[in-house]
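Asks: Everything below, folded, please.
(2 chains)
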Number of protein chains: 2
Amino acid sequence: MIDTVRRCLARFELSPRQLLVAVSGGPDSIALLRALAEIAATSHGGAPTAAHVDHRLRSESSEDAAWVADECRRLGIACHIRTADVPQAMASEAGSLEESARRLRYENLTALADELDLPTVATAHTRNDQVETILHHIVRGTGLEGLGGMPEMRPLNEKIQLLRPMLDVSKAEVLRYLESCEQQFLVDSTNRDERFTRNRLRHQLIPLLTQQYNPAIEESLLRLGQTASEAQAALRSIAIEKSRTALIMREADRLVVATGPIASLPRHLIREVWVVLWNESNWPRAGMGKAEWEALADVTVGNRTAVSLPDLVEARRHVDRVIAIRRIRSSNE
Amino acid sequence: MIDTVRRCLARFELSPRQLLVAVSGGPDSIALLRALAEIAATSHGGAPTAAHVDHRLRSESSEDAAWVADECRRLGIACHIRTADVPQAMASEAGSLEESARRLRYENLTALADELDLPTVATAHTRNDQVETILHHIVRGTGLEGLGGMPEMRPLNEKIQLLRPMLDVSKAEVLRYLESCEQQFLVDSTNRDERFTRNRLRHQLIPLLTQQYNPAIEESLLRLGQTASEAQAALRSIAIEKSRTALIMREADRLVVATGPIASLPRHLIREVWVVLWNESNWPRAGMGKAEWEALADVTVGNRTAVSLPDLVEARRHVDRVIAIRRIRSSNE
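Replies: Down below sits the predicted model:
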């Protein structure tokens, strides 16, 4: 397990010292912290920093925070405790408990990394978490991007990255490692709460699929996720290339795109070219679903002449080009 | 439902007269036959032909065949009965009962279409069957191609196509249609046999997912399948284009491929280019899995100099090209 973490750091040219490790106190995060401390000790590169976010969801949550702080002291690692009042956040916003907790946790971790001037937040998501994520996405409905599961590295903001160095480590390896170095950890009682979709996936659906359908279901899902990621990356790179050829002019509120280089592409790529153009213009994507990209593809191939899209974007075909204009709301309107 | 079938025929420029319809006697196939008979009657284009394959799996199977023959007579449709001795085939080959029955059924249907000089075999797979297929593939392990589910049209041999005109029709629509025209059908007792994976998917897994995870799971799976098909089609078309650029020479036992146009492509596309080159050479693909295509990609980008592949294919890098040679077994060896 230490080797897997070390190889991941090497791949991204990172040392433990640059990492803010999210530590709940459970087996996965404690194993990651301990492994990073060992790597730091042998490489003389400086220790990682730990961060614990107290969600105030259980009566014993402040005891957990104190335990994590103690354990970090014992390991010689600096530890920062942050409080995220999930019950309060839930009162003022929509969404599930899981989603609110997750959002607040990442906000706190990003802010703390910013303060401490650390470039990378590390979380201890394992191979098992990856399987659950892929299955969760399939069950809830997903496209190719979601089917890929969690990426090993992704940006949290312009300066800070999220790294997941344990995506190739299984839960069983984590437990073996903890046992081998006699490392204690917390058992989170909410983990067995079947109200959480994630826990139902773990305790009900994955065991059912393993026992009755495919003993190697986890490997099958991981392989599908890997294929989907690679396919998505391939399509995105072709779309970037084609968008360069097709883009005639870009202004903050305007895109002029030649239809010639893209109209005869496969449908999926036409949509993907528009996604690339949208991203590069920083136009909002929240309202853009498959139907909206399809409508843009229709305008591109000439099946329709114009379309009104969310966030005041209008796209219209003019002979051999599509002009998309985003009206910025003015005070006169 | 009749409109959906009619639109499908129009899309492929087919008339009912050109179809050999596979009729088990169950609700789906009887509905398809009846709908095609109605379409033929209103378009004056001539009736379809029915084919029933008796699998000899149940004691009442010859009664089923007789019922289908009677019903076809009543509808004024020519009907051919073929016998496929599945128990006998099972005794001499590996694989599940389902697989043997399926293989024998398609063999019989293709041979019969050939005899009758009909270009198209039509089966009554519904929207629900498509959902089950996609989920079955996910559960058993699949790539992008399998995730797309059943195609609406695919070749059975060089002359005969398989058409599935009911992939957009739900089981509920089938039953409503049958009721509206008071059409009888057979109830197949093996459909409730939980030994069959397909039936377990239908009666256990899909209801569980619908009730506990996502009430719209069927739509989510169909949408994922659609996205995967489109992505696969897009990648294949780019790969075909790139393989044209890269191919220097093709002989029956030899491929010479320039690395320049493909070595810097995303990994997925390099593999896909080799799949295209293999297919176009009619080299056997049975032994070629992801690991083998990966090895070819490694030779292409220069990570290794040579690889031995199944079916006596050797691929080797020579400066700026890869030469793949398939040794045909000779009597001296």
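Asks: can we go C-alpha only for contacts and neighbour counts from here?
Replies: OK.
Asks: Please report phi then psi for the residue lying closest to residue A:77 once chain neighbours are set aside.
Replies: Spatial nearest neighbour of residue A:77, chain neighbours left out: residue A:49 (6.1 Å); criterion: C-alpha to C-alpha, 6 or more residues apart in numbering or on different chains. Note on residue A:49: backbone dihedrals following degrees, to the nearest 10 are phi -110, psi 140.
Asks: how close does the nearest residue to residue A:279 once chain neighbours are set aside get to residue A:293?
Replies: In space, and not counting its chain neighbours, residue A:279 is closest to residue A:285: 7.8 Å by C-alpha to C-alpha, 6+ apart. Distance, residue A:285 to residue A:293, using C-alpha to C-alpha, to the nearest Å: 10 Å.
Asks: isn't the residue nearest to residue A:279 right next to residue A:278, touching?
Replies: Yes. The criterion here is C-alpha atoms under 8 Å, and residue A:285 meets it with residue A:278 at 7.5 Å.
Asks: ok, those two, which is more surrounded?
Replies: More crowded of residue A:285 and residue A:278, by other C-alpha atoms under 10 Å in any protein chain shown: residue A:278, with 15 against 12.
Asks: Distance-wise, check the more buried one relative to residue A:243.
Replies: 11 Å.
Asks: just residue A:133 next, same as before
Replies: For residue A:133, the distance to residue A:243 - C-alpha to C-alpha - is 31 Å.
Asks: give the contact list for the residue of the stretch 151-300 of chain A found nearest chain B.
Replies: The minimum distance from the stretch 151-300 of chain A to chain B, using C-alpha to the nearest C-alpha, falls at residue A:220 (4.5 Å). Contacts for residue A:220 (C-alpha atoms under 8 Å, 6 or more residues apart in numbering or on different chains) come out as B:138, B:139, B:140, B:141, B:142.
Asks: so which two of these are the farthest from each other?
Replies: B:139 and B:142 (8.0 Å; C-alpha to C-alpha).
Asks: So for these two, which residue has more residues nearby?
Replies: residue B:139 (21 against 18).
Asks: check which helix or strand covers the more buried one.
Replies: Assigned by DSSP states H and E, residue B:139 belongs to helix B:127-140.
Asks: Name the residues of that helix that are buried.
Replies: Buried residues in helix B:127-140, counted by 16 or more other C-alpha atoms under 10 Å in any protein chain shown: B:127-140.
Asks: same for the next helix or strand after that helix, what does it pack against?
Replies: With elements assigned by DSSP H and E, the helix or strand that comes after helix B:127-140 is helix B:144-147. Judged by 3 or more C-alpha pairs under 8 Å, 6 or more residues apart in numbering or on different chains; DSSP states H and E, helix B:144-147 is in contact with helix A:217-246, helix B:127-140, helix B:217-246.
Asks: Next SSE downstream of helix B:144-147?
Replies: strand B:153-155.
Asks: Report the distance from that next one to the chain centre.
Replies: 7 Å (C-alpha atoms, centre = their mean, to the nearest Å).
Asks: picking that back up, which outside residues touch the helix holding residue B:139?
Replies: A:209, A:213-214, A:217, A:220-221, B:146-150, B:166-171, B:198, B:201-202, B:218, B:221-222, B:225.
Asks: Report the angle between that helix and helix A:127-140.
Replies: 180 degrees (axes from the mean of the first three to the mean of the last three C-alpha atoms, to 10 degrees).
Asks: Only the C-alpha atoms, please, for helix B:127-140, written as CSV.
Replies: Output in CSV follows, covering the C-alpha atoms of helix B:127-140 (Å, rounded to 0.1, in the frame of the first residue of the first chain):
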residue,chain,number,x,y,z
ARG,B,127,-37.4,-1.4,-24.8
ASN,B,128,-37.5,-3.6,-21.7
ASP,B,129,-35.3,-6.2,-23.3
GLN,B,130,-32.8,-3.4,-24.2
VAL,B,131,-32.7,-2.2,-20.6
GLU,B,132,-32.1,-5.8,-19.5
THR,B,133,-29.3,-6.3,-22.1
ILE,B,134,-27.5,-3.1,-21.0
LEU,B,135,-27.8,-4.0,-17.3
HIS,B,136,-26.7,-7.6,-18.1
HIS,B,137,-23.6,-6.3,-19.9
ILE,B,138,-22.7,-3.9,-17.1
VAL,B,139,-23.1,-6.6,-14.5
ARG,B,140,-21.2,-9.3,-16.4
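Asks: pLDDT on it, on average?
Replies: Averaging pLDDT along helix B:127-140 yields 94.
Asks: Repeat that for stretch A:176-186.
Replies: According to the model, stretch A:176-186 has a mean pLDDT of 94.
Asks: do the same with stretch A:143-152
Replies: On average, stretch A:143-152 scores 92.
Asks: Report the buried residues of that stretch.
Replies: Within stretch A:143-152, judged by 16+ other C-alpha under 10 Å, the buried ones are A:143, A:144, A:145, A:146, A:147, A:148, A:149, A:150, A:152.
Asks: thinking the third one is in contact with residue A:231, fair?
Replies: What that stands for is residue A:145. No. Between residue A:145 and residue A:231 there is no contact under C-alpha under 8 Å: 9.2 Å.
Asks: what residue ranges in the stretch 101-250 of chain A score low on pLDDT?
Replies: Counting by pLDDT under 70, the low-confidence segments of the stretch 101-250 of chain A come to A:188-195.
Asks: Spell out which parts of it neighbour chain B.
Replies: Residues of the stretch 101-250 of chain A found near chain B (C-alpha under 8 Å from any C-alpha of the partner chain) are A:138-144, A:197, A:209, A:213-214, A:217, A:220-221, A:223-224, A:227-228, A:230-231, A:233-235, A:237.
Asks: Many thanks, have a good one.
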